[in-house]
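Participant: Whatever this is, show me its structure:
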Amino acid sequence: MCFSAGASFGAGIVLSAIGMASMRKVKSIPQILFASIPLMFAAQQITEGLLWITLRDPSFVFIQRNLTYVFLFLAQVTWPVWIPFSILLLDKGTKYKRIQKVFVFMGVVISIYLGYCLFVFPVEAQIMDYHILYVLHYPHTRSLFGSVFYIVAILAPPFFSTVKKLWMLGLIVFFSFLVSILFYQYYFVSVWCFFASITSISVLFILREINGSKNTVPPVPLQLIV
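Facilitator: Here you go, the predicted model:
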């Protein structure tokens, strides 16, 4: 999270509990990826909590660099694929399948590009004004391309789904994006990830909505989840 190590760890613990509750609501294999979103955000918040600690102690430089890469890998490489693909699997309707596949393709493209940039160009994290600033030395000439693909791959899929109330998740994430870019531009990566992690709480309610009346669907065997 963008304020302190304690806040990051606290968010990570809460999201872990929500993630486990979401996984218990799973009633089909395609729902697993969507249900695990809070757990992924929990891992991301805990990683940033550890990063806070290492940034305050120069003796942890090596660990700090590794944590920076782990956080950015989750934030920039994982989510553009995870979000659209999980929604594609979750949606049983055929109305938006072609559009959803386009979003998945865009996510894969931008994930490959950002993954390349992450491991080829220098990146660093530093504490500034009670936030973590991620300094990314990516090519500026391609930043617009990357930003558009990233934003569309993450924000658009919830609005092109037949799943009940999924559009609400998209709307919340969209507003969190606006707040982050307008008021925390320099710390956008950290702040938006925090807001997005909080909105992932709605994953549990969406799964409840989907599976609430489907008592005839057998639960997923434990061995398929573990």
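Participant: hey, where'd the strands end up in this protein?
Facilitator: In the chain, the strands defined using DSSP state E lie at 123-128, 131-136.
Participant: Tell me which of these sits nearest to S36.
Facilitator: Closest approach to S36 among those (Cβ to Cβ): strand 131-136, 24.3 Å. (C-beta placed from N, C-alpha, C; glycine too.)
Participant: Now for the nearest residue to S16 once chain neighbours are set aside: which residues touch it?
Facilitator: Closest residue to S16 apart from its sequence neighbours, by Cβ to Cβ, 6 or more residues apart in numbering: A42 at 4.3 Å. By Cβ atoms under 8 Å, 6 or more residues apart in numbering, A42 lies in contact with 11-13, 15-16, 19, 197.
Participant: ok, so of these, who is nearest V81?
Facilitator: Nearest to V81, judged by Cβ to Cβ, of the contacts of A42 is S197 at 17.5 Å.
Participant: Tell me how many other residues crowd that closest one.
Facilitator: 25 (other Cβ atoms under 10 Å).
Participant: Quick check: the gap between the spatially closest residue to it that is not a sequence neighbour and I172.
Facilitator: Among residues not flanking S197 along the chain, F41 sits closest, at 3.7 Å (Cβ to Cβ, 6+ apart). Per Cβ to Cβ, to the nearest Å, F41 is found 14 Å from I172.
Participant: who's more crowded, the two?
Facilitator: Shown here are F41 and I172; by other Cβ under 10 Å, F41 has more neighbours (27 against 18).
Participant: picking that back up, am I right that the residue nearest to S197 is in contact with F194?
Facilitator: No. Using Cβ atoms under 8 Å, F41 is not in contact with F194, being 9.1 Å away.
Participant: coming back round to it: now for the residue nearest to S197: which residues touch it?
Facilitator: 15, 19, 193, 196-197, 200.
Participant: List phi and psi for K164.
Facilitator: Phi and psi for K164, reported as degrees, to the nearest 10, are phi -60, psi 130.
Participant: could you list every residue that touches it?
Facilitator: Applying Cβ under 8 Å, 6+ apart, we find K164 in contact with 206, 209-210.
Participant: Which one of these is nearest to K95?
Facilitator: For those, the nearest to K95 is I210 (16.3 Å; Cβ to Cβ).
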